[in-house]
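S.K.: here is my input, please return the structure:
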Amino acid sequence: MTIPRFDGATMRTFIAGHRGLLGAALVRAADAGTQLVRTRAELNLCDTAAVDAFMQAERPTQVILAAARVGGIHANSTYPVEFLADNLAIYTNVIQSARRAGVQRLIFIGSNCSYPRAAPQPIAESSLFQGEVEPTNSAFAMAKLAAIELCRACNQQYGTRYLAVMPTSLYGPGDNYDPANSHVAAAMIRRFVQAAASGSKLETIWGSGSPLRELLYVDDCAAAIWRLAALPDAEFDHLLTASRYPVINIGGGTEVSILKLAQQVAEIVGYGGEIRTDPTKPDGVMRKLLDNTRMAALGWTAQVSLEEGLRRSVADYLTRFAADGATP
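M.R.: Numbering: from 1, shown residues only. Predicted coordinates for the structure are as follows:
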């Protein structure tokens with residue numbers, strides 16, 4: 001099968017998962033005329049026949065696969081079967097259907113949790129598959145790894161240009177604030193907005209508070225992905241062959257401890273009570289800083305500081321939920 005050459009001027013991109021945190025940012029950053037989106041009600045990505053029919057009918061120029069079942073440590077530990085099975089179905093269906101429809105390019109959204117928990121810091125793309133992943137989210141990570149291997153296999157067997165991007169931990173407008181399924185920044189925002197409103201004198205956070213997290217404002221990540229999507233064939237091909245697996249990191253370069261993050265969010269929302277840690281609860285991996293060398297060489301760096309990003313995120317939470325007294 002011959003994959004047509006990429007022409008950025010006529011790009012028509014299917015954004016799978018356009019209502020999620022990153023998907024929505026991708027939509028915000030792109031020309032509406034070049035986007036192809038479907039809601040879950042319109043297209044069930046777990047339905048192989050439906051995804052095949054969609055790809056054959058629409059024939060997008062490229063696909064950005066941002067759809068996934070996602071959640072934090074608690075959700076990953078509680079529902080490992082769903083995180084593995086649902087994500088395997090989504091990834092396999094979209095990647096294989098895109099390939100069968102002759103899609104020129106596909107950008108798969110991986111995750112920094114797919115790197116080995118003991119990988120040298122900062123984590124280079126060459127560390128992939130070089131050790132065991134963090135047990136608290138292994139099901140989610142294994143599904144991501146399987147999709148990366150499928151992209152590599154498609155490139156080898158069919159000459160496709162399928163690339164996996166590995167963002168660091170994302171946060172920002174449109175985040176999931178559900179207490180059972182949210183990631184760390186969103187969970188902190190919800191916790192301390194509500195604590196400030198209730199007049200709480202003490203809030204306890206999971207773990208020791210010492211793990212470091214590299215956070216990236218979601219619109220910065222979207223800008224990086226669109227930059228990759230617009231690369232001419234020769235530069236895109238170089239990314240695919242620069243390491244054993246077709247992956248590139250998208251790192252923000254800003255690390256913060258869980259406790260410091262809690263304190264920073266508390267200050268922004270006006271919470272003045274005590275913050276304690278609970279070392280009996282799991283910390284997760286202690287550090288996962290990504291090596292952003294290759295993305296920086298393409299001229300991309302993060303633009304939104306952690307403080308500014310958190311302020312925007314707090315404003316988003318208040319607009320969406322707290323203004324009318326509702327909570328997610």
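S.K.: okay, and the beta partners of Leu65?
M.R.: Ala16, Phe108 (DSSP bridges).
S.K.: and the gap between it and Ile90?
M.R.: In this view, Leu65 and Ile90 are 8 Å apart by CB to CB, to the nearest Å. No exception for glycine: its C-beta is placed from N, CA and C like everyone else's.
S.K.: show me the common contact partners of the two, please.
M.R.: Common neighbours of Leu65 and Ile90, counting by CB atoms under 8 Å, 6 or more residues apart in numbering, are Ala16.
S.K.: show me which of those two is the more surrounded one.
M.R.: For Leu65 versus Ile90, neighbours defined as other CB atoms under 10 Å are more numerous around Leu65 (25 against 22).
S.K.: so the more buried one sits against Arg105, correct?
M.R.: No - taking contacts as CB atoms under 8 Å, Leu65 lies outside contact range of Arg105: 11.1 Å.
S.K.: can you tell me, leaving aside adjacent residues, what's nearest to Met188?
M.R.: Closest residue in space to Met188, ignoring its immediate chain neighbours: Val265 at 4.4 Å, by CB to CB, 6 or more residues apart in numbering.
S.K.: that neighbour: what's it in contact with?
M.R.: Taking CB under 8 Å, 6+ apart, one finds Ala185, Met188, Ile189, Arg191, Phe192, Leu310, Val314 in contact with Val265.
S.K.: rerun that using 6 Å as the cut-off
M.R.: For Val265, the contacting residues are Met188, Ile189, Phe192, by CB atoms under 6 Å, 6 or more residues apart in numbering.
S.K.: distance of the second one relative to Ala141?
M.R.: If I follow you right, that is Ile189. 25 Å.
S.K.: looking at those two, which one has more neighbours?
M.R.: Ala141 (26 against 23).
S.K.: which elements pack onto the host helix or strand of that one?
M.R.: Ala141 is part of helix 138-158, with elements assigned from DSSP states H and E. Applying 3 or more CB pairs under 6 Å, 6 or more residues apart in numbering; DSSP states H and E, one finds that helix 138-158 makes contact with helix 80-100, strand 161-167.
S.K.: CSV please, covering those and showing distance to Val51.
M.R.: Output for the helices and strands packed on helix 138-158, formatted as CSV (distance: least, CB to CB, whole Å):
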stretch, distance to Val51
helix 80-100, 4
strand 161-167, 16
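S.K.: right, I'll call it a day here.
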